[in-house]
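Novice: show me how the following folds:
(chains A, B, C, D, E and F)
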Protein chains: 6
Amino acid sequence: MPLVQITMLSGRTTEQKRKLAQRITDALVEEANARREAIVIAFHEVAKESYASGGVLLADQTQR
Amino acid sequence: MPLVQITMLSGRTTEQKRKLAQRITDALVEEANARREAIVIAFHEVAKESYASGGVLLADQTQR
Amino acid sequence: MPLVQITMLSGRTTEQKRKLAQRITDALVEEANARREAIVIAFHEVAKESYASGGVLLADQTQR
Amino acid sequence: MPLVQITMLSGRTTEQKRKLAQRITDALVEEANARREAIVIAFHEVAKESYASGGVLLADQTQR
Amino acid sequence: MPLVQITMLSGRTTEQKRKLAQRITDALVEEANARREAIVIAFHEVAKESYASGGVLLADQTQR
Amino acid sequence: MPLVQITMLSGRTTEQKRKLAQRITDALVEEANARREAIVIAFHEVAKESYASGGVLLADQTQR
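Specialist: Down below sits the predicted model:
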């Protein structure tokens, strides 16, 4: 019954999210005996002005 | 002092969120002795391309 | 297909969580047309040393 | 730079979480071009008294 | 290795988020011995129709 | 009205969380004009078997 909440930069395509949903669900079924129908995944996409690592917004980082 | 974070498909009206906020808050006050003023609810709305169940994006499911 | 994540102080009984799960689920079905079977609720319980409001840990507040 | 927060029933072994972390990270690198070092995964484990689907605590469900 | 997820009303400027990211990261490094490079902060911004306190949407509150 | 959810390794003292709550709250008040009383912070502490970066559990990393 796992809930998976993924926070990531916006910009991924539907096809990328489709593949991620498949593979993450497969991993949970195969490695953790989760029931496939009970797995829910949500992607929360944020802009690079709303994401920081090391104290610096991604919008301000010269190299990602 | 409960914090309630609700992830759901986008598309609900303000009136629906208003009712949900009232009823969920009432439930927390009446069933869990939470102080009404301290209850915070946030709705995080995602597109059907950003939500999957059973490994399949909602955008790809023929019936919801 | 709503996911509901509730962060609250630990100490509620199973009966209290049972009632909360029922009422919050009912609210989502009746007010937001969510499918009952697709609603998932998780309670994340934290100690009063791990919860702050107004910049003060609940463990340090004289009145809650 | 994805953050992955997984809420699931407690009881999985370290080995299961190790495998999940590997496979979910691989999926994000291979499907979403995420940098491996920047992917963080946290498992939040809850008891079956703290998890409900369809309005019923998992502790009260006869079949999972 | 802290992950910080901040839910707040939309409307803050990039400069405000830049300062918040700096100061919250500094606090985690100085008070909790976290490694600076490992700290990730995400801002999840919601509209005032999607945020409630005391059971009332912020959109419906006469004074904030 | 910000909600701050911090996921970090368990092991911080109450005094460390007290200081973090103060400084993070001060930052939100001073930089984002948040009302002090409306700021809520929750610390979600996880074991190093439940936390991974770069696809490797912290429990398996030789250096942190």
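
Novice: quick one: residue A:37 from residue C:60, how far?
Specialist: Residue A:37 sits 45 Å away from residue C:60, going by Cβ to Cβ, to the nearest Å. For every residue, glycine as well, the C-beta is placed using N, CA and C.

Novice: residue of chain A with the smallest distance to chain C?
Specialist: residue A:3 (5.5 Å; Cβ to the nearest Cβ).

Novice: wait, isn't that residue in contact with residue C:44?
Specialist: No: counting by Cβ atoms under 8 Å, residue C:44 is not a contact partner of residue A:3; they are 11.2 Å apart.

Novice: more neighbours: the two, which one.
Specialist: For residue A:3 and residue C:44, the more surrounded residue by other Cβ atoms under 10 Å in any protein chain shown is residue A:3, and the numbers stand at 23 against 19.

Novice: and the more buried one, what pLDDT?
Specialist: With respect to pLDDT, residue A:3 scores 97.

Novice: mind checking the SS state of the residue lying closest to it once chain neighbours are set aside?
Specialist: Of all residues not flanking residue A:3 in the chain, residue D:7 sits nearest, at 4.4 Å (Cβ to Cβ, 6 or more residues apart in numbering or on different chains). Here residue D:7 is recorded as strand under DSSP: H, G, I helix; E, B strand; the rest coil.

Novice: where along chain A do the strands fall?
Specialist: Here chain A has its strands, by DSSP state E, at A:3-9, A:40-46, A:51-53, A:56-57.

Novice: between those, which one is closest to residue E:52.
Specialist: strand A:40-46 (19.2 Å; Cβ to Cβ).

Novice: how about the residues of chain A near chain C?
Specialist: By the rule Cβ under 8 Å from any Cβ of the partner chain, the part of chain A lying against chain C is A:1, A:3, A:5, A:40, A:42.

Novice: now chain A, which segments are flagged as low pLDDT?
Specialist: For chain A, residues meeting the criterion pLDDT under 70 lie at A:63-64.

Novice: stretch A:32-51 near chain F anywhere?
Specialist: No: contact of stretch A:32-51 with chain F (Cβ under 8 Å from any Cβ) is absent, the minimum separation being 12.5 Å.

Novice: buried stuff in that stretch?
Specialist: Under the neighbour-count criterion of 16 or more other Cβ atoms under 10 Å in any protein chain shown, stretch A:32-51 has A:32, A:34, A:38-51 buried.

Novice: interface residues of chain A facing chain B?
Specialist: Near chain B, when you scan chain A using Cβ under 8 Å from any Cβ, you find A:5, A:14, A:17-18, A:21-22, A:24-26, A:36-45.

Novice: so what's the residue nearest to residue A:10 when sequence neighbours are not counted bridging to?
Specialist: The shortest distance from residue A:10 to any non-neighbouring residue, by Cβ to Cβ, 6+ apart, is to residue A:45 (3.7 Å). Judged by DSSP bridges, the bridge partners of residue A:45 are residue A:8.

Novice: can I assume residue A:45 is in contact with residue B:50?
Specialist: Yes: Residue A:45 is within contact range of residue B:50, at 6.8 Å (criterion: Cβ under 8 Å).

Novice: excluding covalently adjacent residues, which one is nearest to residue A:58?
Specialist: residue A:48 (3.9 Å).

Novice: and the gap between the one you found and residue A:56?
Specialist: 11 Å.

Novice: also residue A:2?
Specialist: 32 Å.

Novice: now do residue A:1
Specialist: Taken as Cβ to Cβ, the span from residue A:1 to residue A:56 is 37 Å.

Novice: more crowded one of the two?
Specialist: residue A:1 (21 against 16).

Novice: contacting residues for the residue nearest to the spatial centre of chain A?
Specialist: Central residue of chain A (Cα atoms, centre = their mean): residue A:6, 3.2 Å from the mean position. Residues near residue A:6 by Cβ atoms under 8 Å, 6 or more residues apart in numbering or on different chains: A:20, A:41, A:42, A:43, A:44, D:2, D:3, D:4, D:5.

Novice: do that again at 10 Å, thanks
Specialist: A:12, A:17, A:20-21, A:24, A:41-45, B:50, D:2-6, D:24, D:28, D:32, D:39, D:41 (Cβ atoms under 10 Å, 6 or more residues apart in numbering or on different chains).

Novice: what does residue A:55 give?
Specialist: When contacts are counted by Cβ under 10 Å, 6+ apart, residue A:55 touches E:18, E:20-26, E:28-29, E:36-37, E:39, E:41.

Novice: excluding covalently adjacent residues, which one is nearest to it?
Specialist: In space, residue A:55 is closest to residue E:25, 3.3 Å off (Cβ to Cβ, 6+ apart).

Novice: so who does that neighbour touch?
Specialist: Counted by Cβ under 10 Å, 6+ apart, residue E:25 has contacts A:52-56, E:2, E:4, E:34, E:36-37, E:39-41, F:27.

Novice: most widely separated two among those residues?
Specialist: E:37 and F:27 (19.8 Å).
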